[in-house]
Structures are given as structure tokens and as C-alpha cells.
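>>> Predicted model and sequence below, questions to follow.
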Amino acid sequence: MELRVVVAPVFGTNCCVVSSGTDCVVVDAGAGVADAVGRLVDSEGLTPRAVLATHGHADHTWDAGELCARYEIPMRLHEADAYRLPDPFGTLSPALEAALGLHRDDYRAPAVVEPFATPGGSAVLTFGQVTLHVLHAPGHTEGSTLYRPDGEVILTGDVLFAGSVGRTDLHGGSGQVMGETLRSVVRALDPGLAVVPGHGPATTVARELATNPFLAAGPAGA
């Protein structure tokens, strides 16, 4: 398994290209990454099999429609966040919508969306040679998801950052639910895993367990 990160120009979203052999998936296609992802895929001789999202916010899904159309592949995300895709601004605050600097008329929704479920809180998704272990981790949104490819890395989206956790004050967020996710999902992760969050620098589970104030004790919701 190999993982390459393309940082989106809008909100610095970490778009991850996860590959095994010649197969790959794109996780969190933020605004402005489509051409850079295309160049990477072409230069490495990769075949995209799907575009995934850790959750349904616009800064993680904006270029998904373009990439899905370009490679004739589906969009995959947790079923609890699938309702966000037709209107990426519908569940954002006006202030955050303005901060994104994006325009509704420029948005292209993915033509084929295949939501997945996580019975019992987890699932396994396979795309050719790429396998992702999925953990449902709600709180930032209802369908927030952690993806662990085969290997020693986990993609945490906006659930866990270096030194912080995802905000819970937007539509579908919940501090109480996030607190439970941190206790039952994040704290149970293998400390040896490297963490690639949805924004910002990489970290490790061990480092966050030792130093992240939201994992030490008390309520979540930075």
C-alpha cells in the first residue's frame, strides 16, 4: 500500500491517493485538487476505482464530481452523510460558506453515489487491490468515517487532528456524540498508527493519546 497526499488550495484539505499495485482510490477530493490528482495518477500509471470522503462537507467533496466523471467511477461515503452531496452548502453556516470562497454554480455533484453502511460500527471496502477498513466515527458529522488502508496509517478526516479534534457546532455535529467517538473509537486505535488528518500535519495515535487535550479527559468539540 502507498499513500500520497495532495493538499487542496481551499482550506488545506488533505486529499489522499491510496494505491496498491495499479489500483487506487481518492479520499477527500477537496476544491482544486482534480488536476493535481490527475497528474499524479497518470505519472504513476494508476487506475482510480472510486472517490471516497471521510465526511460530506464541501471542502472534502468539492472535486469529487469532476474526478468521478473523468474516470467513470462512483462516489462512496457513509450513508448518514450522503444527503449532503446534492447541496454542499445546505448544511454549512453562512460564515463558513463565505470563508470557503466557492460558488454554488461551479459545483458538480457526483453522478453515481454508492453510500455504504457500517453495521456494528465498522466495514471493509475493497476496490481491486485496495482494501480499506472503515470505522464509523460520528460527532463532526453524522457519517464521519475513519479509513485504515492495509498498513500502519489511518485517515481521520475532521475527527482527529494533531493536537485537536473536529468542531461539533455545524449541522449534524454533536459534542456528546463526538465525546463518545473519542472514547470508544479513537482511544481504541492502535497507538502505532500514523495519522493523516483532514487538515494540517500528520501525527501518530500514540502522540495524540499522550498530548491531545481532547483525548486526555473531559468533553470534546474544539
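Yes, it's here.

>>> can you give me the helices in this protein?
Along the chain, counting by DSSP state H, helices occupy 34-44, 58-61, 64-71, 94-100, 175-181, 205-211, 213-216.

>>> Confidence-wise, which of those helices is weakest overall?
Among these, helix 94-100 has the lowest mean pLDDT, at a mean of 75.

>>> hey, which helix or strand in the protein has the poorest pLDDT?
Sorting the helices and strands of the chain by mean pLDDT, DSSP states H and E puts helix 94-100 at the bottom, at a mean of 75.

>>> With just CA atoms, put it into PDB.
The C-alpha trace of helix 94-100 is given here as PDB (Å, rounded to 0.1, in the frame of the first residue of the first chain):
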ATOM      1  CA  PRO A  94     -23.300  31.300   6.200                       C
ATOM      2  CA  ALA A  95     -19.900  32.400   7.700                       C
ATOM      3  CA  LEU A  96     -18.200  29.100   6.700                       C
ATOM      4  CA  GLU A  97     -19.800  29.200   3.300                       C
ATOM      5  CA  ALA A  98     -18.300  32.600   2.700                       C
ATOM      6  CA  ALA A  99     -14.900  31.600   4.100                       C
ATOM      7  CA  LEU A 100     -14.700  28.700   1.500                       C
END
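
>>> Give me the contact list for it.
Helix 94-100 has contacts (Cβ atoms under 8 Å, 6 or more residues apart in numbering) with V10, F11, A31, A58, D59, F89, L92, L170. Just so you know, the C-beta spots here come from the backbone N, C-alpha and C atoms, and that holds for glycine as well.

>>> min pLDDT across these, which one?
Least confident entry in the contacts of helix 94-100, by pLDDT: L92, with 76.

>>> Before I go, just wanted to say thanks for your time.
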